[in-house]
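1. pasting the structure only:
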């Protein structure tokens, strides 16, 4: 006959017994509740072996500190990811990082896995998601990898906070990411770009990118007050960054700002900023026209602490910047009261800072005028790093100059150019096929 009553054992000891109700029962003390009373878990099964297995499992969780507290919430994927991105990540990461997190969470992971329980997600669920994204042909490998990195970060946080006992990302295979090989500009291309830049307004802005490798946002964010004309050191501490417009008013649904369908809306609006309701074609509220909007192109801190740096300008570049300052002073004098003060190094004709989109278009025109192959403006940064490699500058000094935080970044930016390959070939020829 099975034992029907538990015998007296020391406090906190687990017990297994057969009840009068025809079930086997197990009781395990796993800790204390918030009110200080013992947290004793109860298991009930028809089979004794199942009860004993569950008791041992609870004991192991208790001993390893992985037991879920009494009354702890069981999270679905959509609930946890929303909580993580808005309440945990948002206050602690930069705008661009958060923007990437939100895209991965709301456009990819939640639609695919949102209804699953967090503690029931497995490595295969993510690997199938990555494969589906690749097969669709709608997403670049970098997008798929961003989804992987975001989900991995969210699940690691869930593991730390004991939302889950096991992290599936201990097993998940990251999607393969093959970055496009960047071809830095060759010396003759650099010369052609510099020559074309010197005859255009704000052209020295692009010479800065080619010579110093400053990022786009950093270059547009330079102010004259950050240039020491005695030491010829230019301080990099801020950057200009475009952020999505958001409503700043307390109730966006009641905001007067609207965007209407200009071709079909019968209501005449001034610059399409106000459309008196009701509109028969469905005008929508748009944060861009909110009187208290936030966002747009803002001045923010540079990417990292390593990004805050001082760059000693080459003498020739310093002279070009001084000449640029003289030309800007003449523009300010001609503009008079229409000039917008702000101490910006590179401005529009009225003194306002350059818009990032206009700066991009100007770069494309510069490439065409210089008859240089099409390339990203960021490739100028790769070029500057490669030139430092060519000059034999020590890697630690290069990292400080470029504002990098680790050597892996340096490896991505420093390339072997065609000129360097030719030099290697000539050296081999001279060594292996030396004439008698």
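-> Right, received. Where do you want to start? This structure is a prediction, so every number in the text was calculated from the model and none was measured.
2. what residue ranges in the stretch 51-200 of the chain are flagged as low confidence?
-> Along the stretch 51-200 of the chain, the model assigns pLDDT under 70 to residues 66-72, 179-180.
3. ok, now with 80
-> 61-62, 64-73, 177-182 (pLDDT under 80).
4. in the stretch 51-200 of the chain, which spans are helices?
-> 77-83, 95-104, 110-113, 123-136, 141-160, 187-197 (DSSP state H, counting those that start in this stretch).
5. Ok, which of the ones you listed comes nearest residue 16?
-> Each of the helices of the stretch 51-200 of the chain has some distance to residue 16 by Cβ to Cβ; the shortest is helix 141-160, at 30.4 Å. Every residue, glycine included, has its C-beta placed from N, CA and C.
6. and that closest one, which residues are buried?
-> 141, 143-148, 150-155, 157-159 (16 or more other Cβ atoms under 10 Å).
7. low pLDDT regions in the stretch 251-400 of the chain?
-> Under the criterion pLDDT under 80, the flagged ranges of the stretch 251-400 of the chain are 251-292, 303-307, 389-393, 395-396, 398.
8. quick one, helices of it?
-> Using DSSP H, counting those that start in this stretch, helices in the stretch 251-400 of the chain cover 315-335, 356-369, 379-390, 395-402.
9. Of those, flag the one that's most buried.
-> Among the helices of the stretch 251-400 of the chain, the stretch with the highest mean neighbour count (mean count of other Cβ atoms under 10 Å) is helix 379-390, at a mean of 22.
10. what comes into contact with stretch 168-181?
-> 121-123, 125-127, 130, 134, 141-142, 144-145, 148, 151-152, 155-156, 412, 415 (Cβ atoms under 8 Å, 6 or more residues apart in numbering).
11. from the chain's centre, how far out does that stretch sit?
-> Distance of stretch 168-181 from its chain centroid, counting by Cα atoms, centre = their mean, to the nearest Å, is 17 Å.
12. Stretch 377-389 too?
-> On Cα atoms, centre = their mean, the centre of stretch 377-389 falls 22 Å from that of its chain.
13. And for stretch 394-407?
-> 21 Å.
14. all strands in the stretch 151-300 of the chain, in order from the N-terminus.
-> With DSSP state E, counting those that start in this stretch as the criterion, the stretch 151-300 of the chain has strands at 227-228, 233-236, 238-246, 258-259, 284-285, 294-301.
15. now the spatially most central residue of the chain, nearest residue through space, not along the chain?
-> For the chain, the residue nearest the mean C-alpha position is residue 97 (2.8 Å; Cα atoms, centre = their mean). Computed as Cβ to Cβ, 6 or more residues apart in numbering, the closest residue to residue 97 that is not its neighbour in sequence is residue 89, at 7.9 Å.
16. pretty sure that neighbour is in contact with residue 101, am I right?
-> Yes: if you go by Cβ atoms under 8 Å, residue 89 and residue 101 touch, sitting 5.6 Å apart.
17. quick revisit: need the strands of the stretch 151-300 of the chain in a markdown table with distance to residue 13 and mean neighbour count, can you?
-> A markdown table is the format used below for the strands of the stretch 151-300 of the chain (distance: least, Cβ to Cβ, whole Å; neighbours: other Cβ atoms under 10 Å):
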| stretch | distance to residue 13 | mean neighbour count |
| --- | --- | --- |
| strand 227-228 | 73 | 16 |
| strand 233-236 | 64 | 18 |
| strand 238-246 | 57 | 17 |
| strand 258-259 | 68 | 19 |
| strand 284-285 | 63 | 12 |
| strand 294-301 | 57 | 14 |
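18. Nearest to residue 105, out of those strands?
-> strand 238-246 (15.7 Å).
19. returning to that earlier point: I'd like to know which of the helices of the stretch 51-200 of the chain lies nearest to residue 22.
-> Across those (criterion: Cβ to Cβ), the nearest stretch is helix 77-83, sitting at 37.8 Å.
20. So which elements touch the closest one?
-> helix 110-113, helix 141-160 (3 or more Cβ pairs under 8 Å, 6 or more residues apart in numbering; DSSP states H and E).
21. any chance of the ones you listed in CSV, plus distance to residue 322?
-> Formatted as CSV, these follow (distance: least, Cβ to Cβ, whole Å):
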stretch, distance to residue 322
helix 110-113, 54
helix 141-160, 41
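22. do you know which of the ones you listed lies nearest residue 210?
-> Set against residue 210 and scored by Cβ to Cβ, the helices and strands packed on helix 77-83 come closest in helix 141-160, at 25.2 Å.
23. what's the angle from that closest one to helix 95-104?
-> Interaxial angle of helix 141-160 relative to helix 95-104 (axes from the mean of the first three to the mean of the last three Cα atoms, to 10 degrees): 90 degrees.
24. counting contacts, what elements does helix 141-160 pack onto?
-> By 3+ Cβ pairs under 8 Å, 6+ apart, helix 141-160 packs against helix 77-83, helix 95-104, helix 123-136.
25. which of these sits most buried?
-> Of all those, helix 77-83 carries the top mean neighbour count, a mean of 20, counting by mean count of other Cβ under 10 Å.
26. what sits up against it?
-> Residues contacting helix 77-83 (Cβ under 8 Å, 6+ apart): 75, 105, 109-110, 113-118, 121, 154, 158, 163.
27. What sits closest to residue 300 if chain neighbours are left out?
-> Per Cβ to Cβ, 6+ apart, closest to residue 300 is residue 241, 5.1 Å.
28. from memory the one you found sits against residue 298, does it?
-> Yes: contact criterion Cβ under 8 Å: residue 241 and residue 298 qualify, at 6.0 Å.
29. Would you mind measuring the gap between the ends of stretch 87-100?
-> End-to-end distance of stretch 87-100 (Cα to Cα, to the nearest Å): 16 Å.
30. Start at 865, not 1
-> Okay, residue one is now 865; in that scheme the one you just asked about reads as stretch 951-964.
31. Off-centre distance for that stretch?
-> 8 Å.
32. And for stretch 988-1008?
-> 19 Å.
33. got it, and stretch 963-972?
-> Counting by Cα atoms, centre = their mean, stretch 963-972 comes out at 10 Å from the chain centroid.
34. do stretch 920-931 as well
-> 37 Å.
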